[in-house]
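Undergrad: next come a sequence and a model predicted from it.
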Amino acid sequence: MSNCVFVWDVDGLPPESDWTVVLWRGFAPSASPSIISIPKLVEDNADVLKARYLAWVYDLGEKCIDGKRVVDHLEIRPEFSYWWMTLIAEKCNYAASQHINDAIRLMAFDTWTTSRSVRRVVLVSSNQPLAECMRMWCAALGVSFEWQQIDSQSVNLSLVRRIYQFLPQFLQALASFLFYLVDRWPLRGVGLKEWRQTRGRVAFISYLFNLEPVAAKTGRYESHYWADFPTELQRGGCKTNWLHLYLKDPLLPTAGKAASIIHEFNRTGKGEQVHVTLDSFLSVRVAFKTLRDWCRLALSGKRLESKMSAVTSNGLNLWPLYSKEWSESTVGPKSIINALNLNLFETATKALPKQRAGIYLYEQQPWELALIHAWKSSGHGCLIGAQHTTMLFWSLRFFHDQRSYKRSGCNELPMPNKVAVNGPIAMKTCLQARYPEEALVEVEALRYLYLSEAKIEICAGRVFEHGPEKRILQVLVLGDYLPSNMQRQMNLLVQAMPLLPMAVNITVKPHPNFLVHPDEYPSLNMTVTMGSIGKLLAECDVAYSSNATSAAVDAYCVGVSIISLLDPMTLNLSPLRDCTGTLFASTPKELATALLFAASAPRLPSSQQEFFTIDPQLPRWRKLLLESLVGS
C-alpha cells in the first residue's frame, strides 16, 4: 500500500503497518524505504527549499490587492512599509516564528510526493494549522485525507497569563503597551541632555546587555558585543554616542537599575562617550503617535488578510500556519511594540546632532528596519550594520529572495549603506545569497578577538591515556537563549550519563538570558559559571552545545571537540552545520557515543581564520570608519 502515507507528527516511532511512514519530526532508525524522515529530506534539499520559502514570502509582499501591492498598502511612513517589520517578513524561525519549520517540511513533503502516486494521507498530530494545510493540499490534488488528532501537551501557566491569553489580540496589545510604558517609564529622559548636546559624530546602536560586570560596577562601559573597539576609538580622539536597547538581565533587572548605570556611563564618559536608551525618548506624545499608527495597521491587516491567504507556493497553501502570526503582526502586542520602536527611533535620531556615521548590531530584527528608516530620514551619514556573530544557513531572517535587493524607490527593503561581515565564511554566505557585493565589507570579528590570545593546550587522548577509570571527563555545556532548547539539551545529557563508563564533571555556561540551576538536575555532577569562555574551553575535554548556540564556534575555532544537539523538532541551526569534524547527536545513545569518541580524539588544529577575520589592531574597522567619515 505504498500509495497510502502515514504522517507521524509525534515523538518516537509509529505502530508497524504496510503504509509508507513519514516521520515529521524524527530520524529514521534505518535505511528502510518504507520509513521517510522529513528532517532528513529537508537537509538533503536544503538549498532548493530555502529558496522556495524565501520566494513565497516575497510573493506575499508583492501580492496586488485593489491595484496596490501589500507592501504599498502597509506604507506607514513615506517610502517605508511596515511589511518589513511583520513576523512573516522577519522570518525568525529560531524564536518568533517556529512554525516556519512546518512550512519548510510541507514543502519537502510536497516535493517528495511529486514522483509518487499518493491516494491517501493520514496525519497523526496535535497541530491544527498543520492539519489544515495538509487537508487543503490533499483536496487540491484529489487525495483522501484523515486527521487523527491527539491531545497537545499542556503548559502550566499562571492565572494572570491564562487570563491574558484568553483576551482578544487587540486587548493583549493594549495591555502589553500599558505594561511596557509603566515598566520602562523610569528611563524616560535619562541622558537626553547629553544626547542633544553631544559633540560626537559617530553613533552606535546596541543592546544594554552582555555588559562586562566588573567594568559596569565602576561606571565604565564595556560590552562583549564591541570588545575594545569603543576604548580604542576614545583613545584616538573619536567621541561616540550610544543608543542602547535595554534588555533585562541579572546585572540590570529593572529599568531603574538601567537608568542608574546610564547616568554613571555619562559621568565617567565626560563627553567622550554619551549614553542613552531608546526608552529615554518615551513621552505622552510618542505614546499617542504609536496608538495612531497601531490603529492604521490593524485596519490594513484585517482588510488584506483574505486576499493574502490565497498566495501559494506552487499550489501549496501555507496560510493556516500564518493566520495567527499575521494578526499578531498587525493587531497584537508585536504590532504595537513595533510601532512604538519606530516612533522612538524617529524621536531619537531627530534629537541627535547630525552624525557622520552610525553602527548597529546587524541581526535583521524589526527594530533595525525602523532604525534604518529613521536614520536616513533624519539626514545622518553612512549607516553600517555590524554582524557580531555567526550567520547560520537556516537562520532565515538574514536572507531574502534576491528580487528584494533590487532598488525600486518605492517601499523597498530597508538596507544599511554597508554590512560589515566578520570573516570569510560570512562574506561567502552573503555573496551566495546574492546580497549586493558593493554593500559588503569584511572587518575584524570584535566578539572573537580573544581567540587571538587563547592558549588552548593541544593534547591527544587525555581522558583515556591512563584508562577510563583514572580520569574524569570534563564536559563544558554551552547554553541556549531559549529555555525550551536548553531544557532539551540538558535532558538529553541526563539520559546519556548512565551509558558512560567514566565519571563526568559538567560545567554549564548558560546564556545570560536564561540561567540554569544545578538543583534542577540532581543526577548530574555539575557547576554553573558565567566565567570567560576562553578559560573554560582551556579546561574542558569536550564541549556540548544546543542546536543553535553560536558559542559552538568558539570551541571549534580553538580545536576543542564539539558535539551539537541535532534536534528533529527544528531545522539544523548549528553554526557548524557544514564543518568537518563536528559531532551531532539526537538520542542519549548517540550523545554517549559522541562523548566517548571526543574524549579520546586528538584536538583539532585551530581553525579560527576559517570563520573570522581576527587582528587586534583592527585595521579593517579603522579603514571602514575613516572612509565613512570622509565620505559623509
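TA: Cool, the structure landed. Numbers count the residues shown, from 1 in each chain.

Undergrad: can you tell me which helix in this structure is longest?
TA: In terms of residue count, the longest helix belonging to the chain (DSSP state H) is helix 284-308.

Undergrad: would you indicate which residues of that one are buried?
TA: Burial within helix 284-308, assessed by neighbour count using 16 or more other C-beta atoms under 10 Å, is assigned to 286-287, 289-291, 293-294, 296-298, 300-301, 304, 308. To be clear about C-beta, it is placed using only N, CA and C from the backbone, and glycine gets the same treatment.

Undergrad: can I get those residues in JSON lines with pLDDT?
TA: As requested, the buried residues of helix 284-308 are arranged in JSON lines below (pLDDT from 0 to 100):
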{"residue": "286", "pLDDT": "98"}
{"residue": "287", "pLDDT": "98"}
{"residue": "289", "pLDDT": "98"}
{"residue": "290", "pLDDT": "98"}
{"residue": "291", "pLDDT": "98"}
{"residue": "293", "pLDDT": "98"}
{"residue": "294", "pLDDT": "98"}
{"residue": "296", "pLDDT": "96"}
{"residue": "297", "pLDDT": "97"}
{"residue": "298", "pLDDT": "96"}
{"residue": "300", "pLDDT": "96"}
{"residue": "301", "pLDDT": "95"}
{"residue": "304", "pLDDT": "96"}
{"residue": "308", "pLDDT": "95"}
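
Undergrad: residue 417: which of the residues you listed is nearest?
TA: Proximity to residue 417 was ranked across these by C-beta to C-beta; first place goes to residue 293, at 26.1 Å.

Undergrad: now the closest one: closest residue in space that isn't a chain neighbour?
TA: Taking C-beta to C-beta, 6 or more residues apart in numbering, and ignoring the residues beside it in sequence, residue 293 has residue 339 as its nearest neighbour in space, at 4.1 Å.

Undergrad: in a strand, that neighbour, correct?
TA: No: secondary structure assignment (DSSP: H, G, I helix; E, B strand; the rest coil) places residue 339 in helix, not in a strand.

Undergrad: mind checking which helix or strand residue 72 is in?
TA: Element membership for residue 72 (DSSP states H and E) is helix 70-73.

Undergrad: shouldn't the residue nearest to residue 293 be in contact with residue 297?
TA: Yes: under the criterion of C-beta atoms under 8 Å, residue 339 makes contact with residue 297 at 6.7 Å.

Undergrad: find the residues that touch each one of those two.
TA: Common neighbours of residue 339 and residue 297, counting by C-beta atoms under 8 Å, 6 or more residues apart in numbering, are residue 76.

Undergrad: residue 395 is in contact with residue 363, correct?
TA: No: the pair residue 363 and residue 395 fails to qualify as a contact (C-beta under 8 Å) at a distance of 9.2 Å.

Undergrad: of those two, who's got more company?
TA: Neighbours of residue 363 and residue 395, each counted by other C-beta atoms under 10 Å, are more numerous for residue 395; the result is 21 against 18.

Undergrad: what about that one, distance to residue 489?
TA: Note on residue 395: its distance to residue 489, by C-beta to C-beta, to the nearest Å, is 18 Å.

Undergrad: in the helix or strand where residue 496 lies, which residues are buried?
TA: Using DSSP H and E, residue 496 sits in helix 483-496. The neighbour-count check on helix 483-496 (16+ other C-beta under 10 Å) flags 485-490, 492-493, 496 as buried.

Undergrad: which one of those is nearest residue 216?
TA: Set against residue 216, the nearest of those by C-beta to C-beta is residue 486 (24.9 Å).

Undergrad: can you show me the CA trace of stretch 420-439 as PDB?
TA: Once side chains and other backbone atoms are set aside, the C-alpha atoms of stretch 420-439 remain, and they are given as PDB (Å, rounded to 0.1, in the frame of the first residue of the first chain):
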ATOM      1  CA  ALA A 420      30.300  44.700   7.900                       C
ATOM      2  CA  VAL A 421      30.800  41.000   7.900                       C
ATOM      3  CA  ASN A 422      33.100  39.400  10.400                       C
ATOM      4  CA  GLY A 423      35.000  36.900   8.300                       C
ATOM      5  CA  PRO A 424      35.400  34.900   5.100                       C
ATOM      6  CA  ILE A 425      32.600  32.500   5.800                       C
ATOM      7  CA  ALA A 426      30.000  35.300   6.400                       C
ATOM      8  CA  MET A 427      31.200  37.000   3.200                       C
ATOM      9  CA  LYS A 428      30.800  33.900   1.200                       C
ATOM     10  CA  THR A 429      27.300  33.300   2.700                       C
ATOM     11  CA  CYS A 430      26.200  36.800   1.800                       C
ATOM     12  CA  LEU A 431      27.500  36.600  -1.800                       C
ATOM     13  CA  GLN A 432      25.800  33.200  -2.300                       C
ATOM     14  CA  ALA A 433      22.600  34.800  -1.100                       C
ATOM     15  CA  ARG A 434      23.000  37.500  -3.800                       C
ATOM     16  CA  TYR A 435      23.400  40.300  -1.300                       C
ATOM     17  CA  PRO A 436      24.800  43.300  -3.200                       C
ATOM     18  CA  GLU A 437      28.500  42.900  -3.300                       C
ATOM     19  CA  GLU A 438      29.200  46.600  -3.200                       C
ATOM     20  CA  ALA A 439      27.400  46.900   0.100                       C
END
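
Undergrad: domain assignment for this structure?
TA: In terms of domains, the chain is parsed into 186-280+345-449+616-631, 468-605 (source: automatic domain parsing).

Undergrad: do you know which of the ones you listed lies nearest residue 131?
TA: domain 468-605 (17.6 Å).

Undergrad: show me how far the closest one is from its chain's centre.
TA: The chain centroid and the centroid of domain 468-605 are separated by 20 Å, computed with C-alpha atoms, centre = their mean, to the nearest Å.

Undergrad: mean confidence for it?
TA: Averaged across domain 468-605, pLDDT comes to 85.

Undergrad: switch to numbering from 41
TA: Let's use 41 as the start, then, which means that last one is domain 508-645.

Undergrad: which residues in the stretch 291-440 of the chain form strands?
TA: 313-317, 397-401, 422-426 (DSSP state E, counting those that start in this stretch).

Undergrad: out of those strands, deepest packed?
TA: Ranked by mean neighbour count under mean count of other C-beta atoms under 10 Å, the strands of the stretch 291-440 of the chain are led by strand 313-317, which reaches a mean of 26.

Undergrad: with only the CA atoms kept, save it in CSV.
TA: Coordinates of the C-alpha atoms in strand 313-317 are reproduced here as CSV (Å, rounded to 0.1, in the frame of the first residue of the first chain):
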residue,chain,number,x,y,z
GLN,A,313,31.0,58.8,25.3
VAL,A,314,27.4,59.8,25.5
HIS,A,315,24.8,57.2,26.5
VAL,A,316,21.0,57.0,26.3
THR,A,317,18.5,54.2,26.0
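
Undergrad: and that strand, what other elements does it pack with?
TA: Counting contacts by 3 or more C-beta pairs under 8 Å, 6 or more residues apart in numbering; DSSP states H and E, strand 313-317 is packed against helix 232-237, strand 280-286, helix 295-309.

Undergrad: got a list of contacts for the helix holding residue 112?
TA: Under C-beta under 8 Å, 6+ apart, the answer for helix 110-113 is 100-103, 105, 121, 123-124, 340, 343-344, 348, 450-451.

Undergrad: picking that back up, among the helices and strands packed on strand 313-317, which is nearest residue 60?
TA: When these are compared for distance to residue 60 using C-beta to C-beta, the nearest one is strand 280-286, at 49.0 Å.

Undergrad: cool, thanks, signing off.
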